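*Asks:* dropping a prediction and its sequence here:
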Amino acid sequence: MTTLYYDLSEQFLSSGIKLRYYGIARTVMEVGHELAGIDADVRFVIYSPAHERFFEITPRLGAESPTGVLDPGLPDAATPYRIRNTFPGENPLRDFLHPAFRHMVRRINLRRWRHIPAQSVREVDLHGQILVSLGRPKLLADYLTALERRGEKPRLVPMLHDMIPLYEFALSSSPGFTNTFSHDNAVVVERSERLLANSDFTRREILKMAADGYLPAPPPIVTVPLCHELRPTSEPVVKTGPDEPYLLCVGIQRGRKNLECVVEAMLALHEAGRPVPPLVLAGAPRKRNDSYLAGPRFAAIRDRIHHVVNPNEAELRHLYEGALALAMPSRMEGWGLPLGEALWLGTPGLAAEGNAALHEVGLDLAIYFDAEDPADLAGHIDRLQSDAEAREALRQRIRAARPRLRSWRDVARDLIRATTGPDGLGQRDALSGAAAE
């Protein structure tokens, strides 16, 4: 049986518990949880910047984990400081100072590493081994560069979640972050044996960005769609929504996520003399959201807006179940976990019509609207809140469709097939070996 090494560095290096509901960190832990229960040779690893190598670990699962799902099982005091190993472009001063700075940070990280019991980690050489990572490209680019210096080359199979910052890079005269995003993705693509895309839309975007010169020519790309499932956990439910049915937005903000459309739709309902449902904004606090909503334009509806900051997974489930509908007006997504989670729980989803990835998630179950026309969204909200019979019929249709929605176990199985299954890297090696004999 081919061994697959699954990378939990996303949790260890940066996200941890504080940002455990950030989409990529969620994906890493949820898929990891399912891989732990699959009949396959899956081993869990983390990258240590202090040692510039990987270590095998035994993660905590389910109720044993503070996340309720999975985590690396290492003390918070051991979390390392991250320092970039690779940069876009030339900067003589940076390149001169960086080795000394890296040495200083490495010494600090070695001291932090001492908080880990020796029996909790086992050094592992990944040269020639299949390494699957669902983490952010900037973390992968860092450790790939460090491993390359050591002469260690894993057979990398990463998942790319979206190409959204590359649009900003293409349009901006001062790209900044998007320039590093392009660089990090190029490092990852060049060193991968196969790419995983979280949707068909993302797969097409990778090919488009490569054709336009923003990425190197990619290796074979396999779509492993994400899912709809929201796993039940035993976490306490403290943060809740209003008692009356409300419109729910998860992780929304201004700009690409298009908070503007939702608030303008609520204002349109108010100005038309129609009932305005409460709006619950669930997720991390955003100062630019607060300053936007504090403007005089929204004074008439401000008391209808509620914030639920960083809900845990059980609280998020409770919010979905009490919602009139979820609204997801994003102009672009790589997948769209909130829409899938709402549908999984039988809650209507209102999704942006022009967003190809959301159509993959919402199928024929979501209600699609013009994300540039708040009045269109307002009309759908008004119909949902005023026609109880139609609303219940929609909920029943969504609930009846549960068997065709994707679970995290589906994602894990597809990942196994893409890496070690009949068409995977491990099977390809076995066939090559048999032919050689």
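*Replies:* Cool, the structure landed.

*Asks:* where do the strands sit along the stretch 251-400 of the chain?
*Replies:* Using DSSP state E, counting those that start in this stretch, the strands assigned to the stretch 251-400 of the chain run over residues 279-283, 305-309, 323-328, 349-352, 367-369.

*Asks:* for those strands, could you give me CSV that also reports mean neighbour count and mean pLDDT?
*Replies:* (C-beta placed from N, C-alpha, C; glycine too.) Formatted as CSV, the strands of the stretch 251-400 of the chain follow (neighbours: other C-beta atoms under 10 Å; pLDDT from 0 to 100):
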stretch, mean neighbour count, mean pLDDT
strand 279-283, 24, 96
strand 305-309, 15, 96
strand 323-328, 26, 98
strand 349-352, 28, 98
strand 367-369, 20, 98
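
*Asks:* nearest to residue 26, out of those strands?
*Replies:* strand 279-283 (12.0 Å; C-beta to C-beta).

*Asks:* tell me where the longest strand sits in this protein.
*Replies:* strand 41-48 (DSSP state E).

*Asks:* buried ones in that strand?
*Replies:* If you call a residue buried by 16 or more other C-beta atoms under 10 Å, then strand 41-48 has these buried ones: 42, 44, 45, 46, 47, 48.

*Asks:* let me see the contact set for the third one.
*Replies:* I take that to be residue 45. Applying C-beta atoms under 8 Å, 6 or more residues apart in numbering, one finds that residue 45 lies in contact with 5, 6, 7, 8, 9, 54, 55, 56, 57, 124, 126, 131.

*Asks:* quick check: end-to-end length of stretch 284-302?
*Replies:* End-to-end distance of stretch 284-302 (C-alpha to C-alpha, to the nearest Å): 19 Å.

*Asks:* correction: the previous question concerned stretch 398-413.
*Replies:* One end of stretch 398-413 to the other measures 24 Å (C-alpha to C-alpha).

*Asks:* centre of the chain to it, how far?
*Replies:* Using C-alpha atoms, centre = their mean, to the nearest Å, the distance from the centre of stretch 398-413 to the centre of the chain it belongs to is 18 Å.

*Asks:* and for residue 343, the neighbour number?
*Replies:* Residue 343 has 26 neighbours, counted by other C-beta atoms under 10 Å.

*Asks:* hmm, who's touching stretch 187-194?
*Replies:* Outside stretch 187-194, the residues within contact range by C-beta under 8 Å, 6+ apart are 86, 137, 140-141, 144-145, 148, 153, 155-158, 160, 195, 206, 210, 215-216, 218-222, 418-419, 425.

*Asks:* just the residues you listed: which are in helices?
*Replies:* Among the contacts of stretch 187-194, the members falling in helices (DSSP state H) are 137, 140, 141, 144, 145, 148, 206, 210, 418, 419, 425.

*Asks:* just the buried residues of those residues.
*Replies:* Among the ones in helices among the contacts of stretch 187-194, those that count as buried by neighbour count (16+ other C-beta under 10 Å) are 137, 140, 141, 144, 145, 206, 210, 418, 419, 425.

*Asks:* correct me if wrong: the second one contacts residue 156.
*Replies:* Yes. In this structure, residue 140 sits in contact with residue 156. The criterion is C-beta atoms under 8 Å, and the distance is 7.5 Å.

*Asks:* what do those two both touch?
*Replies:* Taking C-beta under 8 Å, 6+ apart as the contact rule, residue 140 and residue 156 both touch 133, 188.

*Asks:* quick one: mean pLDDT over stretch 132-140.
*Replies:* Along stretch 132-140, the predicted local confidence has a mean pLDDT of 96.

*Asks:* dump that stretch to CSV, restricted to CA.
*Replies:* Taking only C-alpha atoms (Å, rounded to 0.1, in the frame of the first residue of the first chain), the coordinates of stretch 132-140 have been written out as CSV:
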residue,chain,number,x,y,z
VAL,A,132,-0.3,16.1,0.0
SER,A,133,-0.9,19.6,1.2
LEU,A,134,-4.1,21.6,1.3
GLY,A,135,-2.4,24.6,3.0
ARG,A,136,-1.8,28.1,1.6
PRO,A,137,0.8,28.4,-1.1
LYS,A,138,3.0,30.8,0.9
LEU,A,139,3.6,28.1,3.5
LEU,A,140,4.3,25.5,0.9
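
*Asks:* residues in contact with that stretch?
*Replies:* For stretch 132-140, the surrounding residues in contact (C-beta under 8 Å, 6+ apart) are 4-7, 9-10, 13-14, 24, 27-28, 31, 47, 82, 84, 156-161, 180-181, 184-185, 187-188, 196, 415, 419.

*Asks:* the closest residue to residue 144 other than its chain neighbours and residue 380, how far apart?
*Replies:* Taking C-beta to C-beta, 6 or more residues apart in numbering, and ignoring the residues beside it in sequence, residue 144 has residue 191 as its nearest neighbour in space, at 5.2 Å. If you measure residue 191 against residue 380 using C-beta to C-beta, to the nearest Å, the figure is 45 Å.

*Asks:* looking at the two, which is more packed in?
*Replies:* It is residue 191, of residue 191 and residue 380, that has more neighbours when counted by other C-beta under 10 Å, with 20 against 17.

*Asks:* report pLDDT for the more buried one.
*Replies:* Residue 191 is assigned 97 on the pLDDT scale.

*Asks:* thinking again about what came up before, would you turn the strands of the stretch 251-400 of the chain into JSON lines with distance to residue 359?
*Replies:* Formatted as JSON lines, the strands of the stretch 251-400 of the chain follow (distance: least, C-beta to C-beta, whole Å):
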{"stretch": "strand 279-283", "distance to residue 359": "23"}
{"stretch": "strand 305-309", "distance to residue 359": "28"}
{"stretch": "strand 323-328", "distance to residue 359": "12"}
{"stretch": "strand 349-352", "distance to residue 359": "8"}
{"stretch": "strand 367-369", "distance to residue 359": "8"}
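
*Asks:* of those, which approaches residue 91 most closely?
*Replies:* Distances from residue 91 to each of the strands of the stretch 251-400 of the chain were compared using C-beta to C-beta; the minimum, 35.1 Å, belongs to strand 279-283.

*Asks:* and the one helix or strand residue 104 maps to, C-alpha only, in CSV?
*Replies:* Secondary structure from DSSP states H and E places residue 104 in helix 92-113. The C-alpha coordinates for helix 92-113 follow below in CSV (Å, rounded to 0.1, in the frame of the first residue of the first chain):
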residue,chain,number,x,y,z
PRO,A,92,20.0,43.6,-2.4
LEU,A,93,19.5,44.9,1.1
ARG,A,94,16.9,42.3,1.9
ASP,A,95,19.0,39.5,0.5
PHE,A,96,22.0,40.7,2.5
LEU,A,97,20.1,40.9,5.8
HIS,A,98,17.8,37.9,5.5
PRO,A,99,20.3,35.1,6.4
ALA,A,100,21.1,36.8,9.7
PHE,A,101,17.4,37.4,10.4
ARG,A,102,16.6,33.9,9.5
HIS,A,103,19.3,32.6,11.9
MET,A,104,17.9,34.7,14.7
VAL,A,105,14.3,33.5,14.2
ARG,A,106,15.5,29.9,13.9
ARG,A,107,17.1,30.1,17.3
ILE,A,108,13.9,31.4,18.8
ASN,A,109,11.9,28.6,17.2
LEU,A,110,14.3,26.0,18.5
ARG,A,111,13.6,27.3,22.0
ARG,A,112,9.9,27.1,21.4
TRP,A,113,10.3,23.6,20.0
